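# Just the structure for this:
(one chain, ligands or ions: 2)
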Amino acid sequence: MKAKVFCFALMGCLIPLTGLTCPEDCLEGQPNLTVLRIDFELVEQTSESTGTVRITGVAENTGSGVFDSSAGQQSLQLYSGQSLNSLTLLETQEFVDVMPGEQIMVTHTMSWSTTDEFPPLFQAVLSYDPDIYIDGNDDNDDCATSDNAVQRDGSEINDLF
Ligand SMILES: [Ca+2]
Ligand SMILES: [Ca+2]
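Ligands and ions are numbered 1, 2, ... in the order given. Modelled structure (predicted):
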């Protein structure tokens with residue numbers, strides 16, 4: 001079946017809609033790993049302004065095909081920094097196969113102070129081997145790369161206190 005999956009670009013290809021297409025269109029049966037969101041949680045509050053927080057990046061195979069790959073070819077990474085040009089890697093979550101609808105998470109726990117003047121931003125991003133599209137395995141080809149990263153401003157963590 002060659003039916004095109006139409007997507008609404010702003011929703012990260014989550015909602016199929018007729019007539020609106022993503023920059024890249026996925027075909028029926030192809031995997032599409034998508035970074036959905038970054039969650040902030042207050043793990044422990046130690047004073048009015050300080051505590052421990054958990055940052056979790058969530059990705060999902062929003063495509064209709066199984067993502068079927070080999071170890072070491074892909075990961076979900078979590079970064080932080082003052083800008084997208086100065087990011088530091090916090091955590092890497094390796095994974096291999098992802099069923100349609102299955103989620104992957106990368107989590108980092110850190111101390112936090114709401115008095116910091118410049119809270120960092122966070123980015124969750126899917127990372128692939130440079131040769132993943134030419135490795136002879138079509139089942140690990142993410143059919144849309146435009147939905148592979150999400151950023152969230154760390155100042156929103158202050159609202160948890
Ligand atoms: Ca994707
Ligand atoms: Ca491939």
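# buried stuff in the helix or strand hosting residue 122?
Per DSSP states H and E, residue 122 falls inside strand 121-128. Residues 121-126, 128 are the ones in strand 121-128 that count as buried (16 or more other CB atoms under 10 Å). In this view, the C-beta of every residue, glycine as well, is placed from N, C-alpha and C.
# Could you do stretch 74-84 as well?
74-81.
# Same check on stretch 85-103?
Result for stretch 85-103 [16+ other CB under 10 Å]: buried residues 87, 90-91, 93, 95, 98.
# Spit out the contact partners of the residue most central in space within the chain.
Per CA atoms, centre = their mean, the C-alpha nearest to the average position across the chain is that of residue 35, at 2.7 Å. Counting by CB atoms under 8 Å, 6 or more residues apart in numbering, residue 35 makes contact with 12, 57-59, 76, 124-126, 147-150.
# Report the two of these separated the most.
Using CB to CB, the contacts of residue 35 span at most 15.0 Å, a distance reached by 12 and 76.
# Quick check: residues of this protein near ligand 1?
32-33, 142, 144, 147-148 (CB under 5 Å from the ion).
# which of those has the most neighbours?
residue 32 (27 neighbours; other CB atoms under 10 Å).
# gap between that one and residue 73?
16 Å (CB to CB, to the nearest Å).
# Quick one: the buried residues of stretch 85-103 as JSON lines, columns for pLDDT, distance to ligand 2 and secondary structure too.
Formatted as JSON lines, the buried residues of stretch 85-103 follow (pLDDT from 0 to 100; distance: CB to the ion, whole Å; DSSP: H, G, I helix; E, B strand; the rest coil):
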{"residue": "87", "pLDDT": "97", "distance to ligand 2": "26", "secondary structure": "strand"}
{"residue": "90", "pLDDT": "98", "distance to ligand 2": "27", "secondary structure": "strand"}
{"residue": "91", "pLDDT": "98", "distance to ligand 2": "25", "secondary structure": "strand"}
{"residue": "93", "pLDDT": "98", "distance to ligand 2": "20", "secondary structure": "strand"}
{"residue": "95", "pLDDT": "98", "distance to ligand 2": "15", "secondary structure": "coil"}
{"residue": "98", "pLDDT": "98", "distance to ligand 2": "14", "secondary structure": "strand"}
